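**Student:** Task: produce atomic coordinates for the following.
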Amino acid sequence: WSAPLRRVKWLRSEQMTQFKQLSFWSDAEPLECVTRTPEAPNVVTFSFQSPSGALFNHDPGQFVTLELPAPGGPLYRTYTISSAPSRPTALTITVKAQDGSTGTRWMLDNLHKGMRIRAIGPAGKFSIVHHPADKYLFISAGSGITPMVAMTTWLYDSGREPDIVFINCARRPSEIILRDRMELMASRIVGIDLKWVVEEPDPFRPWTGYRGMFNQIMLGLMAQLSRARSVLLRSGALYAGRPRGACRTWLRYEPLPSGELHGGARACRRRPRGCDPR
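**Tutor:** Numbers count the residues shown, from 1 in each chain. This next block holds a predicted model:
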C-alpha cells in the first residue's frame, strides 16, 4: 500500500501547490476526463481536470465548446459548465443525448476516464455575475437546468444564505437533471426553494409535486411576491419557448421592474465550422 499512498500524497501536494501559485487553465491546454457520472436517462456528467493541474476560473453559467474526435471528423459542440467557479479543481459539464444527436451521443458512448479533448472558452454572459441581485427566480426546463445549478452552487458556496426560487420542468421525476445535487443543497441551507414540474409521473412512483404543462398559473403560485426578484430563464431543446411563454404571460399581470428578466442564449466564441448544439 505504500506506493498508492505516496501517489495520493503527491496528488494532494500538487493540488495545494496550484492553490498557492494560482495557476489558471486556458484553452491552449486540453481537458482530461477524470470521471463520468450517470444522472438520468441519456444524461451524464463529465468531470475534467487540467493535465498541468491548473485551476478553473469562469463565471457561473458560462459554457465551453468541445472538439469531439468523432470518426467522420471533429465535431464542435457547446455545453454549459455545470460546476461552479467556487470549486476550481475540476470543470464539469452535464449533457443529455436527444433523439438524433450526434456529438452528445458520441460522448456518452466513447468519452471515458483518461481521454483528453480540446475545449474552447469559457464564454457567455448568462450569469448572475452580470445580473447581481438580492433575490432570484431561476426558471429552467430540461437540460436548461445546468447554468441554474452552477449559479445556485456558487451562491451556496459563498457561505451566505441565498434567496432563490428555483423552478425546473421535466417530462418525469426520473428525468429531472441534477435533482439530487439541488435537493442536497436545499436541505443544508435556508433560502433555496425548489419547485419541480413534471408532465407525468413515473410508473408505480407516486408524485405529489406540480404536474402538467408549465403555465402562468403555476408560475404565479410558485413565485408569489416575486416582483423584487431578478428572473433568469433557460430552456432545453425539447422545451424551447414553453417557460418563456408562460413567464411572459404571467408578467402581463405581475410586471417586474424593467431589465429584470434575463434569457439565456449560447453563441460560440471563435465558433468553429460545424458547431451546433447536438
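**Student:** which stretches of the stretch 151-278 of the chain form helices?
**Tutor:** 179-188, 216-222, 242-253 (DSSP state H, counting those that start in this stretch).
**Student:** model confidence over the first one, on average?
**Tutor:** Looking back up the chat, that one is helix 179-188. On average, the pLDDT along helix 179-188 is 96.
**Student:** Name the residues of that helix that are buried.
**Tutor:** 179, 181-182, 185-186 (16 or more other CB atoms under 10 Å). To be clear about C-beta, it is placed using only N, CA and C from the backbone, and glycine gets the same treatment.
**Student:** Please give the centre-to-centre distance between that helix and its chain.
**Tutor:** Relative to the chain's own centre, helix 179-188 is displaced by 14 Å; criterion: CA atoms, centre = their mean, to the nearest Å.
**Student:** you'd agree residue 179 is up against residue 185?
**Tutor:** No. Counting by CB atoms under 8 Å, residue 179 sits too far from residue 185 to count as a contact (11.2 Å).
**Student:** And what about residue 122, helix, strand or coil?
**Tutor:** With DSSP: H, G, I helix; E, B strand; the rest coil as the basis, residue 122 sits in strand.
**Student:** what about the closest residue to residue 158 other than its chain neighbours, neighbour count?
**Tutor:** The shortest distance from residue 158 to any non-neighbouring residue, by CB to CB, 6 or more residues apart in numbering, is to residue 86 (7.3 Å). Residues lying near residue 86 (other CB atoms under 10 Å) number 14.
**Student:** Quick check: which element contains residue 86?
**Tutor:** Remark: residue 86 resides in no helix or strand, with elements defined by DSSP states H and E.
**Student:** Please report how far the closest residue to residue 156 other than its chain neighbours lies from residue 46.
**Tutor:** Closest residue to residue 156 apart from its sequence neighbours, by CB to CB, 6+ apart: residue 185 at 4.9 Å. Remark: distance between residue 185 and residue 46 (CB to CB, to the nearest Å) = 21 Å.
**Student:** got any ranges where the stretch 101-250 of the chain has weak pLDDT?
**Tutor:** 224-228, 235-250 (pLDDT under 70).
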